[in-house]
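A.B. asks: sequence first, predicted coordinates after that:
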Amino acid sequence: MVDYANQLFLRGEIMRKFRKLALIMALISAVFMTGCDATKILETITKVAEGIQQAIPKIKEVVDTVTNAFNGVTNNNTNTNTNTNTNAEQTANNNATVQVNTAGDQEDLNNNGNNNTNNTGTNANTNTAAANAAEAALANYQGGRLSPAEFKRLFGPVARAVSQSSGVPASIILAQAALETGWGSTSIGDAKNLFGIKGTGPAGSITVPTREVINGRSVTVNASFRKYNTWMESFEDHSRLLQTSRYANCMRYRNDPDQFARELQRAGYATDPQYASKLISIMRSNNLYEYNN
């Protein structure tokens, strides 16, 4: 809309300047051709004006052609810049992606009395029209790696709907899901576990090897992770977890996603010492902040 307005302004300026110049030329021509005879000057100006009026459509075509040519060059440059930015963003995404299942020392929600998926206490009702529409969009997703753009399109509306109920920033939800799953490449087998939460879930649990950082060393351990019936259950369970007392300080920064990520690391969400910086990198390089309420 702004580009179109600029085009109209440019064309109008050109035509106004042309008419002004034409009028001056007509006056000069009339004086030279007729001396100071006012009647003849008026007749000459009238004839010149008629000629100018007939020429204006052709002049406008020339102005339009030049303007369109200029816009074509600008659009090509814009597309080139967009492609360059996209490639750079993809590089950043690849660098930010880490192995899934890095979460350690997670609270087992069974021990907090929150195993009931119908819990309506700290987990506000997400059965809204927006949540239902978002959940319906997940119905055909069978798992598997997605591009960052596809990941955002699929999970962005879900994260926004859940965020409206829980207060957890949508950008944090998306960044954690991207980091823990490698942009959807794995959700701990068929567990539909997007956030690396340990324990027993609505559909049981699954035991798999996972990398943990213990005493400064990266080691492989076997751990049980929560299993879900649907992707939406994973989102809701994650929100319940972040509303427990362990992550109370995180929720104080619900309007500051970067600090929220740092508080997650301090609370021990994951043993990876770079966990917060990785979340922030993913949020920034993919503008996940746009999904925050």
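C.D. replies: Received it, and whenever you're ready, just let me know what you need. Numbers count the residues shown, from 1 in each chain.

A.B. asks: could you pull out the helices for the protein?
C.D. replies: Assigned by DSSP state H, the chain shows helices spanning 2-34, 38-96, 129-137, 148-166, 170-181, 231-242, 248-251, 257-266, 275-285.

A.B. asks: give the contact list for the residue lying closest to residue 258 once chain neighbours are set aside.
C.D. replies: Of all residues not flanking residue 258 in the chain, residue 280 sits nearest, at 5.2 Å (CB to CB, 6 or more residues apart in numbering). In short, each C-beta sits where N, CA and C put it, glycine included. Residue 280 makes contact with 175, 258, 261, according to CB atoms under 8 Å, 6 or more residues apart in numbering.

A.B. asks: could you report the neighbour count for the first one?
C.D. replies: Residue 175 sits with 26 neighbouring residues when counted by other CB atoms under 10 Å.

A.B. asks: what sits against it?
C.D. replies: 261, 279, 280, 282, 283, 288.

A.B. asks: and if you look at the last one?
C.D. replies: Taking CB under 8 Å, 6+ apart as the criterion, residue 261 is in contact with 172, 175, 275, 276, 279, 280, 283.

A.B. asks: and the gap between it and residue 151?
C.D. replies: Here residue 261 is placed at a distance of 18 Å from residue 151 (CB to CB, to the nearest Å).

A.B. asks: what's the answer for residue 275, then?
C.D. replies: 19 Å.

A.B. asks: cool, and residue 210?
C.D. replies: Counting by CB to CB, the separation of residue 210 from residue 151 is 22 Å.

A.B. asks: swap in residue 145?
C.D. replies: Taking CB to CB, one finds residue 145 at 9 Å from residue 151.

A.B. asks: which of those two has more residues huddled nearby?
C.D. replies: residue 151 (20 against 13).

A.B. asks: ok, now how distant is the residue nearest to the more buried one when sequence neighbours are not counted from residue 144?
C.D. replies: Leaving aside its chain neighbours, residue 151 sits nearest to residue 183 (5.3 Å; criterion: CB to CB, 6+ apart). When CB to CB is applied, the distance between residue 183 and residue 144 equals 10 Å.

A.B. asks: looking at these two now, which is surrounded by more residues?
C.D. replies: Using other CB under 10 Å as the criterion, residue 183 and residue 144 rank with residue 183 on top: 22 against 11.

A.B. asks: from residue 194, how far out is that one?
C.D. replies: 11 Å.

A.B. asks: repeat that for residue 263.
C.D. replies: Counting by CB to CB, the gap from residue 263 to residue 194 is 20 Å.

A.B. asks: same deal with residue 238?
C.D. replies: 7 Å.

A.B. asks: equivalent analysis for residue 232, please.
C.D. replies: Counting by CB to CB, the gap from residue 232 to residue 194 is 10 Å.

A.B. asks: more crowded one of the two?
C.D. replies: residue 194 (26 against 21).

A.B. asks: pLDDT score for the more buried one?
C.D. replies: Residue 194 is assigned a pLDDT of 96 by the prediction.

A.B. asks: how close does it get to residue 286?
C.D. replies: Applying CB to CB, the value for residue 194 to residue 286 is 16 Å.

A.B. asks: which residues touch residue 145?
C.D. replies: Residue 145 sits next to 182, 183, 184, 185 when contact means CB under 8 Å, 6+ apart.

A.B. asks: measure the last one to residue 146 for me?
C.D. replies: Residue 185 sits 8 Å away from residue 146, going by CB to CB.

A.B. asks: those two: which is more packed in?
C.D. replies: Per other CB under 10 Å, whichever of residue 185 and residue 146 has more neighbours is residue 146, with 19 against 13.

A.B. asks: and the more buried one, backbone torsions?
C.D. replies: The phi/psi pair for residue 146 (degrees, to the nearest 10) reads phi -120, psi 160.

A.B. asks: I appreciate the help and will end here.
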